[in-house]
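Novice: dropping a prediction and its sequence here:
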Amino acid sequence: MADSTTISARSAVLRRSFRKGFPAAVRGEGVYVWDAEGKRYLDLAGSAAVNFIGHGVPEISAAMAEQAAKLEFVHTSQFTTPVAEEYAEELLAFAGENFRGGAVYFTCGGSESIETALKLARQYQVEIGQTSRYQILSRQQSYHGSTLGALSVSGNKRRREMYLPMVREFAHVGMPYCYRCDFDCTDGCRNCGQQYAAELERAIEASNGEAAAFIFEPVSGATLGAVVPPPGYLQSIAGICRRHGVLLIADEVMTGMGRTGRNFSVEHNNVAPDILVTAKGLSSGYAPLGAVIASKKVVDAIAAGSGAFLHGFTYNAHPISLAAGRAVLRHLQAKKLVEAADSSRPGTTAAHFKEALETLRTEDTVGDVRGIGLLWAVEFVADKASKRPFAPTRNFAGSVAAAAFKRGLLVYPMQGSVDGISGDHLLLAPPAIITHEQIAWSVEQLRAAVLQVFTSF
């Protein structure tokens, strides 16, 4: 039985950890968050790659308040709303020509959106007479959400293993990770990309006509850490899916809404998915919001078939969340924040961020610095020559994050990038408004945190 001290110290909130203290955040402005003690933190993680426009933008909260004053909620089985109709049109336009004539299904976040996309893919196949198609293929070392359906298509070993008895699973294929490639990467990874793509084709053929869709992250998120696909890989998997009648689902929960320097990161490779999922930056964290953007092909199949999508959440298309999302979209377009996040364009915020992070390669424990736009990762190794990772028990990335936290810097630590258990990296995804001076300070603090942890081991 717990003693009274433990009971009195325990929060009424079921937090993510009982073994970690959580300061109370009370204010945010720009790239900074303040706790109740007045300490300031620079948010280099964008609150888990969520905040893209910065904290405390007054027109976002004003738009939410205005909507709340008019109408806070109606159920989508009874009504649509002007904000839903207008925002969906604007988001379709933002998604580009591939989604002209399509439609948007709004949810409360990424996991809900993935669940929606999986069910939508199955219903599409049924509507066109392909009733045997139900399997959703995915990739190892991926992450698509925390609900059981999303976990079933995820490859994050730590987040899945406890729940595997509850999960219906289909094939997971390998994915390009050129720092630790299974194949020959001497040609800039083009060859390995095609070999990984061939794994998908074999998995589809092995499904005996039961594959409904393939889901992928155009740039890997937290599990693998900002791995950019090799040239030609995404185009190949798109072609494979087309040839086999398998829908292509792009998970842009983390990479969408400008994070990689394009409206959506599939644009870097001119890939046209059938379904695109986005969240996080969609509202930049100002309200719970996600979206499933379906192409005209998918929407027309249901409209001309049963005429109803057999799915729903109580709070999908919540008017206040949609007001936040619409205001965020207009703000990032007016401020040209997608352009600021283009790391291939000299002089941009993202280009400067990339250059600053590259200087960390000189550190003995930094094996790789990778990413695109304003989504980057720093991978740590115990030995550079062999790329040997630190033992998982040392929790090197977590220790660096804790040291950085004490210095007033927020980063996103992860383990398991090598094999699901070992491999440490930090994910870095600052708001697009971060200044050159703030970048320089952040990298200086991060370097100091890395050295502090390394020398203390």
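Specialist: Nice, I can see it. Numbering: from 1, shown residues only.
Novice: so how far is Arg345 from Ala402?
Specialist: Note on Ala402: its distance to Arg345, by Cβ to Cβ, to the nearest Å, is 35 Å. Every residue, glycine included, has its C-beta placed from N, CA and C.
Novice: swap that for Gln130, sorry
Specialist: Taken as Cβ to Cβ, the span from Gln130 to Arg345 is 43 Å.
Novice: neighbour count winner among Ala402 and Arg345?
Specialist: Ala402 (16 against 13; other Cβ atoms under 10 Å).
Novice: what residues sit buried inside whichever strand or helix holds the more buried one?
Specialist: Following DSSP states H and E, the helix or strand that holds Ala402 is helix 396-406. For helix 396-406, burial by neighbour count (16 or more other Cβ atoms under 10 Å) applies to 396-405.
Novice: repeat that for stretch 445-457.
Specialist: Buried residues in stretch 445-457, counted by 16+ other Cβ under 10 Å: 445-447, 449-450, 452-454.
Novice: so who does the residue lying closest to Gln452 once chain neighbours are set aside touch?
Specialist: Spatially, and ignoring its direct neighbours in sequence, Gln452 is nearest to Ala403 (5.0 Å; Cβ to Cβ, 6 or more residues apart in numbering). Counting by Cβ atoms under 8 Å, 6 or more residues apart in numbering, Ala403 makes contact with 448-449, 452-453.
Novice: now Ala304
Specialist: Glu127.
Novice: gap between it and Val298?
Specialist: 11 Å.
Novice: try Tyr134
Specialist: 16 Å.
Novice: so between the two, which is more surrounded?
Specialist: Higher neighbour count among Tyr134 and Val298: Val298, with 25 against 18, using other Cβ under 10 Å.
Novice: wasn't that one part of a helix?
Specialist: Yes: applying DSSP: H, G, I helix; E, B strand; the rest coil, one finds Val298 inside a helix.
Novice: if we ignore the residues flanking it in sequence, what's nearest the residue most central in space within the chain?
Specialist: For the chain, the residue nearest the mean C-alpha position is Met254 (2.2 Å; Cα atoms, centre = their mean). Nearest non-adjacent residue to Met254, counting by Cβ to Cβ, 6+ apart: Gly221, 4.2 Å away.
Novice: which residues does the one you found contact?
Specialist: 49, 143, 253-255, 427.
Novice: neighbours around the residue nearest to Glu210 when sequence neighbours are not counted, how many?
Specialist: Once flanking residues are discounted, Glu210 sits nearest to Gln135: 4.8 Å by Cβ to Cβ, 6+ apart. Applying other Cβ under 10 Å, we find 23 residues neighbouring Gln135.
Novice: between the buried residues of helix 396-406, which sits nearest Ile320?
Specialist: Phe405 (31.6 Å; Cβ to Cβ).
Novice: shouldn't the closest one be in contact with Tyr41?
Specialist: Yes: judged on Cβ atoms under 8 Å, Phe405 makes contact with Tyr41 at a distance of 7.3 Å.
Novice: thinking again about what came up before, of the contacts of Gly221, buried ones?
Specialist: Applying 16+ other Cβ under 10 Å to the contacts of Gly221 flags 49, 143, 253-255, 427 as buried.
Novice: report the two of those residues separated the most.
Specialist: Most distant of the buried ones among the contacts of Gly221, by Cβ to Cβ, are Val253 and Leu427, 13.3 Å apart.
Novice: ends of stretch 90-110, how far apart?
Specialist: End-to-end span of stretch 90-110 (Cα to Cα, to the nearest Å): 20 Å.
Novice: err, stretch 374-394, not the other one
Specialist: First residue to last in stretch 374-394 (Cα to Cα) measures 28 Å.
Novice: list the buried ones in that stretch?
Specialist: For stretch 374-394, by 16+ other Cβ under 10 Å, it's 374-382, 389-390, 392, 394.
Novice: ok, the following helix or strand past the helix holding Ala402: who's next to it in the sheet?
Specialist: Per DSSP H and E, helix 396-406 leads on to strand 409-410 as the next helix or strand towards the C-terminus. Strand 409-410 sits in its sheet next to strand 40-43 (parallel), going by DSSP bridges.
Novice: neighbouring contacts of the helix or strand just after the strand it pairs with?
Specialist: The element immediately downstream of strand 40-43 (helix or strand, assigned by DSSP H and E) is helix 46-49. Outside helix 46-49, the residues within contact range by Cβ under 8 Å, 6+ apart are 33, 52, 221-222, 254, 259, 280-281, 285, 374-375, 410, 412, 427, 429-431.
Novice: export only the CA atoms of the helix or strand following helix 46-49, formatted as CSV.
Specialist: Using DSSP H and E, the helix or strand that follows helix 46-49 in sequence is helix 58-70. Taking C-alpha atoms only, helix 58-70 is exported to CSV below (Å, rounded to 0.1, in the frame of the first residue of the first chain):
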residue,chain,number,x,y,z
PRO,A,58,-4.0,36.5,-31.2
GLU,A,59,-6.1,36.2,-34.4
ILE,A,60,-6.3,32.4,-33.9
SER,A,61,-7.9,32.6,-30.4
ALA,A,62,-10.0,35.5,-31.7
ALA,A,63,-11.4,33.3,-34.5
MET,A,64,-12.2,30.6,-32.0
ALA,A,65,-13.9,33.0,-29.7
GLU,A,66,-16.0,34.5,-32.5
GLN,A,67,-17.1,31.0,-33.6
ALA,A,68,-17.9,30.0,-30.0
ALA,A,69,-20.0,33.1,-29.5
LYS,A,70,-22.1,32.2,-32.6
